[in-house]
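Undergrad: kindly generate the corresponding structure for this input.
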Amino acid sequence: MSFLDWIKSLFSTQGTQPPSPPRLEATTEATLSDSLRHLPAGERGWITLKEARLLFSTKDDQYAFGELDEQGRMALSNFASRQGSTFDIMPTEGRVYFTRKQI
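TA: I've put the predicted structure just below:
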């Protein structure tokens with residue numbers, strides 16, 4: 001690699017992608033809470049939709065956190081709020097993302 005190519009590579013954005021959000025431990029609410037505490041403020045992590053359903057909803061996979069699962073959405077919302085986080089349900093990805101709020 002020539003010196004000029006090396007200089008260009010320093011300023012190139014090609015191939016530099018932000019790291020994927022980490023998967024959070026979610027076997028229990030306590031382990032999920034602990035995982036969220038270790039996320040830096042403003043960062044996000046994820047759990048599977050199935051893990052979220054097992055922790056926060058009484059509905060089947062097909063209906064968890066949907067229009068008819070107000071109780072599940074409220075339980076998830078309350079949990080996220082207590083952890084100082086927000087959440088996004090992404091059914092097409094099969095994930096729930098949590099983002100630690102900036103302090």
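Undergrad: top helix in this structure by residue count?
TA: Assignment by DSSP state H gives helix 70-82 as the longest helix of the chain.
Undergrad: toward the C-terminus, what is the element adjacent to that one?
TA: Following helix 70-82 in sequence order, the next helix or strand is strand 85-90 (DSSP states H and E).
Undergrad: quick one: mean pLDDT for that next one?
TA: Strand 85-90 shows an average pLDDT of 96 in the prediction.
Undergrad: what residues sit buried inside it?
TA: Of all the residues in strand 85-90, those buried under the rule 16 or more other CB atoms under 10 Å are 85, 87. (C-beta placed from N, C-alpha, C; glycine too.)
Undergrad: list the strands paired with that strand, with their directions.
TA: Looking at strand 85-90 with DSSP bridges, its partner strands are strand 95-100 (antiparallel).
Undergrad: compute the inter-axis angle for the partner strand and helix 70-82.
TA: 30 degrees (axes from the mean of the first three to the mean of the last three CA atoms, to 10 degrees).
Undergrad: what's the spacing between strand 95-100 and its chain's center?
TA: With CA atoms, centre = their mean, to the nearest Å as the basis, strand 95-100 stands 2 Å off its chain's centre.
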